[in-house]
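# Quick one, what's the 3D model for this:
(2 chains)
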Amino acid sequence: MDELEKMLLMQIADLHKVPDGAYNIRKNGEADGRRSTPHIRIEGRKDGKSGIDIFVSGETKGESVHIPVVITKTDYREKVYNDFYVEAGADVLIIAGCGIHNCGVETAEHSGVHTFHLGKGARVKYVEKHYAEGDGNGENVMNPETVMYLEEGARMEMETTQIKGVDSTARTTRATLAANADLVIREKIYTHGKQYAKTDFSVQLEGDGAGADIVSRSVAAGTSRQELELRIDGNGKCHGHSECDAIIMDDAHVIAVPALAANCVDAELIHEAAIGKIAGEQLLKLMTLGLTEQEAEEQIIKGFLS
Amino acid sequence: MLELSHISFAASDGDANKEILNDVSLRVNERFVAITGPNGSGKSTLAKIIAGILTPTEGKIFLDGEDITGLSVTERARRGISYAFQQPVRFKGITVKDLISLAAGRKITVSEACTYLSEVGLCARDYIDREVNASLSGGELKRIEIATVLARGTALSVFDEPEAGIDLWSFQNLISVFEKMHARTNGSILIISHQERILNIADKIVVIANGKVEREGSREEILPNLLAGRICPAFGQ
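Sure, this is the predicted structure:
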């Protein structure tokens, strides 16, 4: 692996070396390394689609799986399907992410479909980061799609972050929760230049006691555009909370479309949304501490997206 | 030393200009200087003019002999002026420790953050990782605001009604914070306040009414009259 690929891996997965535990590193469409462990098995797909199947046994406790994707080509497109089968009682950390370095003028595009099947009481923390850069004018496109099925009492925590450099993205997330299952999503997006980001979350709370807490924080700078659609359907005695909070700067555009659908009288659903520029008094407070206006702005954004 | 020379400030009020401060001249060189006066007399405007948040319509401001009238908020802060907001600002995502670090101008250790927080009566362990957001009460925010000024340790600190909202914490603690701050910086602390107990520690008291300095002098000169004058029209009570 060369220095550029190592840098991309560090950006998306904080990896300085081959990770401990199970991993699968995908580089320009090829497997660049894979390791299974006694509890976590990684296999190539057998249905002809590109991607892997990951089987996490019920004995797994506190182990991790890293599945980063690195692209360093221009004029390259791929669609990858990764399926996770997490058995009842397992407790696992899954770190995904995609880093693109596009040095050419053509498009580099990665579309990843991650489907999670969580057995009863399984616990998953899923972290994905998206980062792109390039020295040409080529577009960097990432379309992550996440599909989650949570059986009774399962819990999934998803942290999804788009750090920098992604020109166009459609982020689609679908989740279906059985009774007493719990889903937490934290999304952070920063767009700049002419970038476009669309987030589309839809959660079905099917069983009694199911709960979802979804918070999206974003900053849109330059002439970038963001669209956020966030929908929670409460189909039982459940509780759902969603929040979108955006800072808008320069000539950016942000549209937030929250939706709540209560199909049961005992469903408790809440949505909060706010879009606005950085408050003048926040800048002033930090300037009275000796920061310049630009330094103050950077600190406010850094905190907001931390 | 801070010197205000013939400061006037007018704010637009519809079509007309409303005069808030009119020819205010003042020197701040003592340990504790209290500015008091009725509501709406222009005290907070004066504090904002010192910090650089508002620009005077007329007059000049000097810090240690240097004309700082044209300097920005940032430049004044870097020259040693600190300003505690009357209504502290909230930030999503910035933690108490981040804010104190920004105030100190460097990354501070947990134990340093603890020192500043315990001085303002907060149990550091419960607060350092909390966000300075709406989950904190007005009183907690106020004390964190004071801690940021402590962490700066500048030669001039301006507090705009520091006592407001800290009712659960005693005045005596607030006063001991000011005393410790002075012992550390050996500078001047300018406090805008209505509170007799704060006026009681002032070396100099300045009474502002209707945008003008009505009286100024030592505590011994001003305070007895001021207390007797509670029936005076300037205080409206």
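# A:L4 belongs to a strand?
No - assessed with DSSP: H, G, I helix; E, B strand; the rest coil, A:L4 is helix; it does not lie in a strand.
# quick one, what contacts it?
A:72, A:101 (CB atoms under 8 Å, 6 or more residues apart in numbering or on different chains). In short, each C-beta sits where N, CA and C put it, glycine included.
# What's the per-residue pLDDT of it here?
At A:L4, the model reports a pLDDT of 75.
# Check A:G234 too.
Residue-level pLDDT assigned to A:G234 equals 97.
# Report the central residue of chain B.
Central residue of chain B (CA atoms, centre = their mean): B:F159, 1.4 Å from the mean position.
# Wait, that one touches B:L150, no?
No - between B:F159 and B:L150 there is no contact under CB atoms under 8 Å: 11.1 Å.
# The residue nearest to the centre of chain B and chain A: what is the separation?
Per CB to the nearest CB, to the nearest Å, B:F159 is found 12 Å from chain A.
# Neighbours of residue 143, how many?
Since no chain was named, I'll use chain A. By the criterion of other CB atoms under 10 Å in any protein chain shown, A:N143 has 19 neighbours.
# not what I meant, chain B
Residues near B:R143, counting by other CB under 10 Å, number 26.
# Wondering if the helix or strand hosting A:G240 reaches chain B at all.
Here A:G240 sits within strand A:239-248, counting by DSSP states H and E. Yes - Strand A:239-248 comes into contact with chain B (CB under 8 Å from any CB of the partner chain), by way of A:D245.
# Remind me what that strand packs against, helices and strands.
When contacts are defined as 3 or more CB pairs under 8 Å, 6 or more residues apart in numbering or on different chains; DSSP states H and E, strand A:239-248 packs onto strand A:196-205, strand A:211-220, strand A:225-234, strand A:253-262, strand A:268-276, helix A:293-304.
# Throw those into TSV and include mean neighbour count and distance to A:L286, thanks.
Shown next, in TSV, are the helices and strands packed on strand A:239-248 (neighbours: other CB atoms under 10 Å in any protein chain shown; distance: least, CB to CB, whole Å):
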stretch	mean neighbour count	distance to A:L286
strand A:196-205	21	27
strand A:211-220	22	16
strand A:225-234	22	25
strand A:253-262	15	23
strand A:268-276	14	17
helix A:293-304	17	4
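# Which of the ones you listed sits closest to chain B?
Comparison of the helices and strands packed on strand A:239-248 against chain B by CB to the nearest CB identifies helix A:293-304 as nearest, at 3.6 Å.
# tell me the mean pLDDT over the closest one?
Computed over helix A:293-304, the mean pLDDT rounds to 94.
# Which strands or helices does it pack on?
Short answer (3+ CB pairs under 8 Å, 6+ apart): helix A:293-304 packs on strand A:211-220, strand A:239-248, helix A:280-288, helix B:96-104.
# mind redoing it with 7 Å?
Packing contacts for helix A:293-304, counted by 3 or more CB pairs under 7 Å, 6 or more residues apart in numbering or on different chains; DSSP states H and E, involve strand A:211-220, helix A:280-288.
# Please, where are all the helices along chain B?
Remark: helices assigned in chain B by DSSP state H are B:43-51, B:73-78, B:96-104, B:110-119, B:124-127, B:138-152, B:171-185, B:196-199, B:219-228.
# Show me what the fifth one is packed against.
Applying 3+ CB pairs under 7 Å, 6+ apart, one finds that helix B:124-127 contacts helix B:110-119.
# what is the rounded mean pLDDT of stretch B:8-28?
Rounded to a whole number, the mean pLDDT of stretch B:8-28 is 90.
# Contacts for that stretch, please.
With contact meaning CB atoms under 7 Å, 6 or more residues apart in numbering or on different chains, stretch B:8-28 is reached by B:1-7, B:42, B:45-46, B:49, B:54, B:56-59, B:188, B:190, B:206, B:211-213.
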